[in-house]
Structure formats: C-alpha cells, structure tokens
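Student: what's the 3D shape of this:
(chains A and B)
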Amino acid sequence: DTQMTQSPSSLSASVGDRVIITCRASQSIDTYVNWYQLRPGRAPKLLIYAASTLQSGVPSRFSGTGSGTDFTLTISSLQPEDFATYCCQQSYSSPPTFGQGTKVDIK
Amino acid sequence: EVQLVESGGGLAQPGRSLRLSCAASGFNFDDYAMHWVRQAPGKGLEWVSTISRNGGNIGYADSVEGRFTVSRDNAKNSLYMQMNSLRPEDTAFYYCAKDLGDGDSPYDSWGQGTLVTVSS
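Tutor: Next up, the predicted model:
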C-alpha cells in the first residue's frame, strides 16, 4: 500500500496567516492527490483534486501543488472557518490511502 | 444539492452484525461509484469499500474483506454496508461518499457519518 505522511500533525495559526501543509507519498503517485477538510459534526469536504485543481465552490485562498512524491496544500490567508483538520489522499493505486491529518487550530 | 445521509449505526457486541444505509439525493445516483470511508476515534480516515455505478466492480480494504459486504439499489438511490463479525477495532464513524466518476476519482460529496461502536 502507498503510505501518505503528512506534516506537521498539528499547527497553531492566526487569522490572516499563510499556512502550508505537506504530504509525502511512499512511492511516486504522479498528481493523484486529493485534499479534504474535516470539521467535527460536518461532512468532510473536497478542497483540491489532482494535486492542484480547486474543487468547485472552494475559496481561491486554497491551493495545491506537487507531483511524484511531495505535495503541499496552502491556505494563503487563514479565515475563522478554516480552523479544521486537513487530510491528503492518494488515488493512484488501490487501496486508496489517506494521510493521518493536520489539525489547524487557533493560536 | 447533493445530499448523503447515513443511518444504521449504533452499539453492537463483538461478533454481531449491523447494516448501514446511505440515502442519496440531488444527483443521478446510478451515474457514480460510491464509497464507504471510516474514521476511528483519534485516527485518520480509512477507505473501507468501493462499489461501481452498476455494482459490477467492488473492492474492500483488507481489514474488512470477508466480513463486510457493500451493495447498492439504484432504484432506491441507496447504498448499503452489511457488517458481520464485528470487532472492537471496527469502532468508527462511517461515511458514505460519492465519487466524481466511476471509482478511481476523488470523493466530491460526503455524508455526515454514522457512529458504529463495537463493545461488550
């Protein structure tokens, strides 16, 4: 199975901060990476797919880059509603696997 | 608007069974593959199963293979997961999720989840 390792596992940030979350795959996965936002009591939300494509309706402050084994999710200016857990997923090979998540909380 | 609503979770003893359901609305259900994903307390997301749009292609995580059975009824816009021989490690929130396509795509809509607790 392809392992997805996220870093950091958690971070504290303030509204307006730029936040960068990284995800490393245990083998090359081209650009088959998706990013999800998880908030307690809410349905998980797809933010980015194919490493850099913004899902419809997702604010443009979210962006994704990377290919091969190294990927990043960037939030350019953190908003109050962005305090959540972010999770990467690879869809290159079966089984699809997720990173362990990065919790973004308020500094 | 796409809506996915899971039901059927609850408390079960080890070795017993539960059946989860996911009611879909707001899209042509039979045009998309569907998935089950779970999240155990304090853990990350774990893919559980995928079923293609016509039910002809099915996959399971090794951790549930042989114990869980996914199915769908396109006439009822519903997805199901029959969970047998439950184990304490199956305790998790279970989410149904819609594929962007027919199985290898991102999951573009999710339900809010249903909690399964396996304990004696």
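
Student: Please make it C-alpha for all contacts and neighbour counts, starting now.
Tutor: Noted.

Student: show me what contacts B:Asn57?
Tutor: In this structure, B:Asn57 makes contact with B:Ile51, judged by CA atoms under 8 Å, 6 or more residues apart in numbering or on different chains.

Student: so what pLDDT did it get?
Tutor: B:Asn57 carries a pLDDT value of 94.

Student: Okay, it and B:Ser49: tell me how far apart.
Tutor: 11 Å (CA to CA, to the nearest Å).

Student: And the residue of chain A closest to chain B?
Tutor: With CA to the nearest CA as the measure, A:Ala43 is the residue of chain A nearest to chain B, at 4.2 Å.

Student: so what pLDDT did that residue get?
Tutor: 94.

Student: Tell me who's in contact with residue 17.
Tutor: As the question left the chain open, I've gone with chain A. So A:Asp17 contacts A:Ser76, A:Ser77, A:Leu78 (CA under 8 Å, 6+ apart).

Student: Not quite, go with chain B.
Tutor: Applying CA under 8 Å, 6+ apart, the residues contacting B:Ser17 are B:Gln82, B:Met83, B:Asn84, B:Ser85, B:Leu86.

Student: just checking, the last one touches B:Leu11?
Tutor: Same thing as B:Leu86. No - taking contacts as CA atoms under 8 Å, B:Leu86 lies outside contact range of B:Leu11: 10.6 Å.

Student: Report the set of residues contacting both of those two.
Tutor: With CA under 8 Å, 6+ apart as the test, B:Leu86 and B:Leu11 both reach B:Val118.

Student: Which of these two has more residues huddled nearby?
Tutor: When B:Leu86 and B:Leu11 are compared for neighbours, B:Leu86 comes out ahead with 22 against 15, by other CA atoms under 10 Å in any protein chain shown.

Student: Please report how far that one lies from B:Gly15.
Tutor: Counting by CA to CA, the gap from B:Leu86 to B:Gly15 is 5 Å.

Student: What of B:Glu65?
Tutor: B:Glu65 is 15 Å from B:Gly15, by CA to CA.

Student: for B:Gln82, same thing?
Tutor: The gap separating B:Gln82 from B:Gly15 is 13 Å, by CA to CA.

Student: who wins for neighbours among the contacts of B:Ser17?
Tutor: Counting by other CA under 10 Å, top hit in those: B:Leu86 with 22 neighbours.

Student: What ranges does chain B have for its helices?
Tutor: Under the criterion DSSP state H, chain B carries no helices.

Student: Name the nearest residue to the single nearest residue of chain B relative to chain A, ignoring sequence neighbours.
Tutor: Proximity of chain B to chain A (CA to the nearest CA) peaks at B:Gln112, 4.2 Å away. Closest residue to B:Gln112 apart from its sequence neighbours, by CA to CA, 6 or more residues apart in numbering or on different chains: A:Ala43 at 4.2 Å.

Student: Was I right to think the one you found contacts B:Tyr107?
Tutor: No - A:Ala43 is not in contact with B:Tyr107 according to CA under 8 Å; the separation is 11.5 Å.

Student: So these two - more neighbours on which side?
Tutor: B:Tyr107 (25 against 19).

Student: before we move on, the earlier item: any chance of the contacts of B:Ser17 in JSON lines, plus pLDDT?
Tutor: Formatted as JSON lines, the contacts of B:Ser17 follow (pLDDT from 0 to 100):
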{"residue": "B:Gln82", "pLDDT": "98"}
{"residue": "B:Met83", "pLDDT": "98"}
{"residue": "B:Asn84", "pLDDT": "98"}
{"residue": "B:Ser85", "pLDDT": "98"}
{"residue": "B:Leu86", "pLDDT": "98"}
